[in-house]
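A.B. asks: Just the structure for this:
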Amino acid sequence: MSALRLRKPGDQPIFDQEQWKVISKTPQRRWRKAFKAICFTRALISLSKKVIDKNGPLLRTLSYVAIDMQPAAATAEEDTSPGKPVSFLNVDPKILSDMVRDKKSDSLNHFGGVNQLVLVLESDVKHGITGSDADIIRRRNAFGANKYQKKPPRSFLSFVIEALKDTTIIILLACAVLSLAFGIKQDGWKDGWYDGGSIIVAVVLVVAVSAVSNFKQSKQFDKLSTKRSDIRVEVVRDGRPQPISIFEIVVGDIVCLKIGDQIPADGLFLEGHSLMVDESSMTGESDHVNIHETCPFLLSGTKVTDGIGFMLVTSVGMNTVWGEMMSSINGGLNEETPLQARLNKLTSYIGKVGLAVAATVLAVLLIRYFTGNTKDDSGNKEFNGSKTKSDDVLNAMVKIVAAAVTIIVVAIPEGLPLAVTLTLAYSMKRMMADQAMVRKLSACETMGSATTICTDKTGTLTLNEMKVTEFWLGKETVKDDETALDMEGNVLKLLQQAVGLNTTGTVFKQHSASDPEISGSPTEKAILYWACHNLDMNIEEVKKNNKIIHVEIFNSEKKRSGVLVKNKSENTIHTHWKGAAEMILTSCSSYYDKAGMLKAMDLEERQQLETIIKNMAAKSLRCIAFAYKEKGEESRQVLENNLEENGLTLLGVIGLKDPCRKEVKKAVESCKAAGVNIKMITGDNVHTARAIAIESGILNPDGDLDNEAVLEGVKFRNYSPEERMEKVNKIRVMARSSPLDKLLMVQCLKQKGHVVAVTGDGTNDAPALKEADIGLSMGIQGTEVAKESSDIVILDDNFESVVTVLKWGRCVYNNIQKFLQFQLTVNVAALVINFVAAVSSGKMPLTTVQLLWVNLIMDTLGALALATEKPTNDLLAKAPVGRSEPLITRIMWRNLIVQALYQITILLVLQFKGTSIFGVNEKVNNTLIFNTFVLCQVFNEFNARKLEKKNIFTGLLQNKLFLVIIGITIVLQSIMVEILKRFAHTVRLDWGQWGVCIGLAALSWPIAWLVKCIPVHTF
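C.D. replies: Numbering: from 1, shown residues only. Below you'll find the predicted structure:
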């Protein structure tokens, strides 16, 4: 049965037998009335049948009963009363979608308001939906899933077509077709197809391998893009707050919202405080929207910029504007990275050189042909003026053009972009396994150049496992074994209020005997756990006895959060503050001691309390203070939107221990050895920050404890621009910093020429994350705003993962350099050999098919072999790559030139003296040249694995893909020489000749070892 719609009064709904089965289950008074009416009508029909059956045939029977039912709005009190809602099966999803999208208050009032709509959707303001599998399925069937339709991914055929659009490939195919036609015309089908057919097969093979590779990488990027959009959302189901995937949200869910969250679906505001939303992504308006009871509409895809709250989900997936918009966007990671841009320029330059060489070869070959200097296999002139047939001339011309075009194909290193794509895709996949999700491709390579990392403390350097280890009442400590019964009643009550009302965390107890389930940030969870166990706090009782009037969310500038509450029983108003202990202390004028006595705070006692806080911080404790101020009922109007900040009474100070991660010190040492500076930027006070910095190895306790190495954000902020630039390199720790201080630090470091990586988790960190060369957001504690502003998400919030990202960044850059050296060696050797041979003898030792085969080995298989090397710790022993350092280093030029000269030398010797040295004919000699050239590339691939190290076999067994590709290359080369003789224009070689080819190629290993002994600075 289709879902019933809410109807206008003029409509005439008609219900058949099947509809009646569902309608009768709806627990509303109007349906009970309908039931009585129908029963009475059917009773009359039954009686009339009996009469008619006795007196004659039945002329007409009623097949349905029509009843005019008024909508819920017409019987407002009766039909929309709490406890008797319309079933959500009766609600049209389009009505809900349009209501929120167009912000229609009339439609909302039609449902009876937000709270009534909660009942209509069979949810609960406090407990949410039941969350059972059957309930979830029912809601998805009625309203859809929270997923949007993506554009279909590119097909494999589109990649094939893209590869075939290459100009050189098109020219080669044209030449192959002409060669095929001339060959068949001259020699018939049996023998005439080999020349043209072999070129076609070789081109198809190159295109297929390229298309397969690009298709696989495209699918990999699509998969990572899907993972990137899967964010975690906190909902309340069956009374229990729980994190779920955004894709699992259904209509009726109650979603918890806090600063930095993305609104996961369309919905309505239920309750909360100071909720502000940035709707610029949907409406284009930059002004933030204040969400409250009279303006409750929340749009999917917008961001919470301030406050906290709860929302009711009313529309999901394609029923939202965000879903419609995202379905039209291709979410692939297809931007061009800086390295790719540099390589494309290099490819273009090399291509121009190759084009010039090819044009020269073309001109030389044409001149030699038409001047009668080109001879066939029998030694006869190929061109004899008018005696030569036009078909023969055209055929020769086609072969010459094909050879020239093939030189261009070999010269253009189209494998470079492929190598970048391969290594980026491979590294992204492996980085995900290493707890780092790449959002922007450019970050993979840029991270390898990082010279400074600005890191947070909490959760990054520490475990983010907060625990209250110290509690001070006044100037005395309260031990763990002292229970709440030992504390004075009024102080205990005030502390319970301070914790239970001024918090963004939640406490859930399934029943009174069960352990509390606490959710929220690590700090909030630790404080709530301490209050529940040490203060015997019942958070539900505290909230029940007090009414929250106004809330000030935690402010990164003031380092505090506050709440204004009214005690229902005592009719008094309290202002409660919670935050950084030394900052709260400056606002206090009195305090409670352990006995519950209220004492004035003079200068001496203030200094004593400051010393207590300082000593706690020196033990790496985060110090949080609670303070309050009481006012009478008559002051409510004045205080309603303004929390008192002065003349507070200090309730107590707690110290939270967040242990430093065990692996951090080693990771910091690795960064220092790699030439990367580590700076800790934290909101904690100076003493806590210094203690953690020493423990983690950022600060050297012997030499880095001066005032310039450790300072507060406000001091750095107040420096003149010249002072900041002078001192920024010396700073190791910046405490009590704001997000603007972090942004200022990044800007100064970039002006000094540093490549800066920054970690951040808060919404206010977004400017610094965007400003940095590499923004690293935290996957656990990070807000969605921070994640969207970042380049890489550290999934486990661990600094060791930051170091792993650094290692992968260097690996990407290093792999590209390896492949670049390998490919340019082949380019130089192939161009020189063919140019010299063509100019001197008019014949090229390497045919079109052979050159295409070399191109396949060089571009695709070589990229796969060298671009997938895993990172090693050796990468961290080098200094960072500077912004302006050339892509081809002097070390690479040294290796490249020596290997290219060796290959050119031996191949030209074989070209001109091979027949006499080995006593073989020209066909065997050409096969020796081809085989030696290919094997040289195989052996040179080993050399390219290590640009500087002499031992090229280190870690070889760890890269199984490299060994597989080398094996495949050798097997295919053997097939080309021994089996596909006519296809590759080769002849079979005996074992001795194979040994000569292998021996000549293997000499590249000792040559590479010797050349690496040459210091680069003398080269």
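A.B. asks: Go ahead and confirm Ala526 touches Leu463.
C.D. replies: No - using CB atoms under 8 Å, Ala526 makes no contact with Leu463, being 11.9 Å away. Heads up, the C-betas are built off the backbone N, CA and C, glycines and all.
A.B. asks: Of those two, which one has the most company?
C.D. replies: Under the criterion of other CB atoms under 10 Å, the comparison of Ala526 against Leu463 puts Ala526 first, with 24 against 17.
A.B. asks: Pretty sure the more buried one sits in a helix.
C.D. replies: Yes - assigned with DSSP: H, G, I helix; E, B strand; the rest coil, Ala526 falls within a helix.
A.B. asks: give me every residue that touches it.
C.D. replies: Residues in contact with Ala526, defined by CB atoms under 8 Å, 6 or more residues apart in numbering, are 466-468, 656.
A.B. asks: Now intersect those residues with the strands, please.
C.D. replies: When DSSP state E is applied, the contacts of Ala526 are split such that 467-468, 656 fall in strands.
A.B. asks: out of the contacts of Ala526, which are buried?
C.D. replies: Among the contacts of Ala526, those scoring as buried are 466, 468, 656 (criterion: 16 or more other CB atoms under 10 Å).
A.B. asks: Can you tell me which of those is closest to Asp593?
C.D. replies: Lowest distance from Asp593 to the buried ones among the contacts of Ala526 (CB to CB) belongs to Val468, with 19.8 Å.
A.B. asks: Please look at that closest one and Lys525 and confirm they touch.
C.D. replies: No - Val468 lies out of contact with Lys525 (CB under 8 Å); the separation is 10.6 Å.
A.B. asks: Identify the residue with the minimum pLDDT among the buried ones among the contacts of Ala526.
C.D. replies: Scanning the buried ones among the contacts of Ala526 for pLDDT, the low point is Met466. It has 88.
A.B. asks: Name the nearest residue to it, sequence neighbours excluded.
C.D. replies: In space, and not counting its chain neighbours, Met466 is closest to Ala526: 3.5 Å by CB to CB, 6 or more residues apart in numbering.
A.B. asks: What does the pLDDT read for Gly919?
C.D. replies: On pLDDT, Gly919 comes in at 89.
A.B. asks: Any idea how many residues pack against it?
C.D. replies: Residues lying near Gly919 (other CB under 10 Å) number 9.
A.B. asks: Just give the number of residues close to Val812.
C.D. replies: 26.
A.B. asks: Helix or strand: which one has it?
C.D. replies: Element membership for Val812, per DSSP states H and E: helix 799-841.
A.B. asks: Contacts only, for Leu424.
C.D. replies: Residues counted as contacts of Leu424 (CB under 8 Å, 6+ apart) are 337, 441, 444-445, 812.
A.B. asks: tell me the least confident of those?
C.D. replies: Across the contacts of Leu424, the bottom pLDDT score, 63, is held by Thr337.
A.B. asks: Quick one: the helices in the stretch 901-1019 of the chain, in order.
C.D. replies: Remark: helices assigned in the stretch 901-1019 of the chain by DSSP state H, counting those that start in this stretch are 922-945, 960-978, 981-984, 991-1002, 1004-1011.
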